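for reference, the sequence and a predicted model appear below.
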Amino acid sequence: MKLHGIHHITAIASDPQRNVDFYTQILGLRFAKRTVNFDDPSTYHLYFGDRTGRPGTAITFFAWPGARRGSRGTGQVIAASFAIPSGSLDFWKSRFEEHHIFSERLPSRFEASAIRLTDPDGLPLELIEAEQLDDIDLEYESEAPNKFAIHGFHAPTLEVQQAKPTKELLKNLGFELIAEEKARRRFSLNSKSTSAQVDLIERADGQFGVNSAGTVHHIAFRSAGEKEQLRWRQKLLELGLHVTPVIDRFYFHSIYFREPGGILFEIATEGPGFRVDEPVEHLGENLKLPPQYEEHRAEIERALPPIMFESKAKGVG
């Protein structure tokens, strides 16, 4: 029983059009799915990633128009990080300057070069160079050339007040401590995959963050299938954690729980994925609803602000 890395990271945005424009036009990600928050269908849930939005590449957003900025702090994922090819930082630095987006180079982290910026809602993002990149599908029209493109996640930063309980849980989830650098510890499920790593920081005097625009809502890890997910649920219950029943998210099945430091974790199945209800060449173009909301489509569409976007993939699949 082994998790296979990050499935997705979900954050909170305010203006959905601005969110789509930034992640597609600036970062060059694919708009992989336009749907609703299954727990609140009056708001969007937007997904960005590679050509098909596969697990390990998907950053997602609950879009709350008019939401105030949240505050980042302990009990949160305080930075979402992406892997980029070695030698790409100059391209991205110039790109951000061209679009009047402030970015800064970070001190070398575990011998890797990195750059930090924030999205339009203030969410901290990091682009980290990696010698070995995850195998993803870049066969779609992108604003970023393939040789510089984002290749999924790379070690997001988790911040807690006391690291020991979170460290023990990560070990129970199959993570191994592979490196330490000052206050930062890196844990890995697979040292050959950037999307199978997380960084943990302890900040004993830190204030708990408040979820709203510009903060991460939760981080999800991927299991191979439903049977394995149920075994994980049983193990987590035996560890004394409060775990939700399995929830059908249509594109995957999920269980949720808070790790000891307060961060909301999810374990999600690999599939069925985003191609289950629309062809890959048209992902993100139209609002897709789960079956339970289809009869309310007219009402839901009236409540949602329009998003202008045409997504294109190369080929049919």
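That came in fine, so what should we check first?

now stretch 137-146: buried residues?
137-140, 142, 144 (16 or more other CB atoms under 10 Å). (C-beta placed from N, C-alpha, C; glycine too.)

so which of these are in strands?
Here DSSP state E is the test, and the buried residues of stretch 137-146 give no hits in strands at all.

closest one of those to residue 74?
residue 144 (33.1 Å; CB to CB).

isn't the closest one right up against residue 151?
No - using CB atoms under 8 Å, residue 144 is not in contact with residue 151; the gap is 10.8 Å.

picking up where we left off before, I'd like the buried residues of stretch 137-146 laid out as CSV, including distance to residue 237 and pLDDT.
Output for the buried residues of stretch 137-146, formatted as CSV (distance: CB to CB, whole Å; pLDDT from 0 to 100):
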residue, distance to residue 237, pLDDT
137, 36, 97
138, 40, 97
139, 42, 96
140, 40, 95
142, 42, 94
144, 43, 94
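
ok, those vs residue 289, which is closest?
residue 140 (23.4 Å).

so who does the closest one touch?
By CB atoms under 8 Å, 6 or more residues apart in numbering, residue 140 lies in contact with 30, 50-51, 311-314.

just those residues now: which is nearest residue 82?
Closest approach to residue 82 among the contacts of residue 140 (CB to CB): residue 50, at 11.3 Å.

give me the neighbour count for the closest one.
By other CB atoms under 10 Å, the residues close to residue 50 number 24.

shift numbering so it begins at 267
Okay, residue one is now 267; in that scheme the one you just asked about reads as residue 316.

that one contacts residue 402, correct?
Yes - counting by CB under 8 Å, residue 316 does reach residue 402; the two are 4.2 Å apart.

list just the nearest of the buried residues of stretch 403-412 to residue 355.
Nearest to residue 355 among the buried residues of stretch 403-412 is residue 410, at 13.2 Å by CB to CB.

can you tell me how far the closest one is from residue 420?
Here the criterion is CB to CB, to the nearest Å. By it, residue 410 lies 16 Å from residue 420.

re earlier: output the buried residues of stretch 403-412 as a markdown table; include the columns distance to residue 459.
What follows is those, written out as a markdown table (distance: CB to CB, whole Å):
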| residue | distance to residue 459 |
| --- | --- |
| 403 | 16 |
| 404 | 17 |
| 405 | 21 |
| 406 | 22 |
| 408 | 22 |
| 410 | 21 |
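
out of these, who's nearest residue 510?
Nearest to residue 510, judged by CB to CB, of the buried residues of stretch 403-412 is residue 403 at 31.0 Å.

what are the phi and psi angles of residue 357?
Main-chain dihedrals, residue 357, degrees, to the nearest 10: phi -60, psi -50.

now it, nearest residue through space, not along the chain?
Nearest non-adjacent residue to residue 357, counting by CB to CB, 6 or more residues apart in numbering: residue 414, 4.5 Å away.

isn't the one you found right up against residue 349?
No - the criterion here is CB under 8 Å, and residue 414 misses it with residue 349 at 11.7 Å.

alright, I will stop here.
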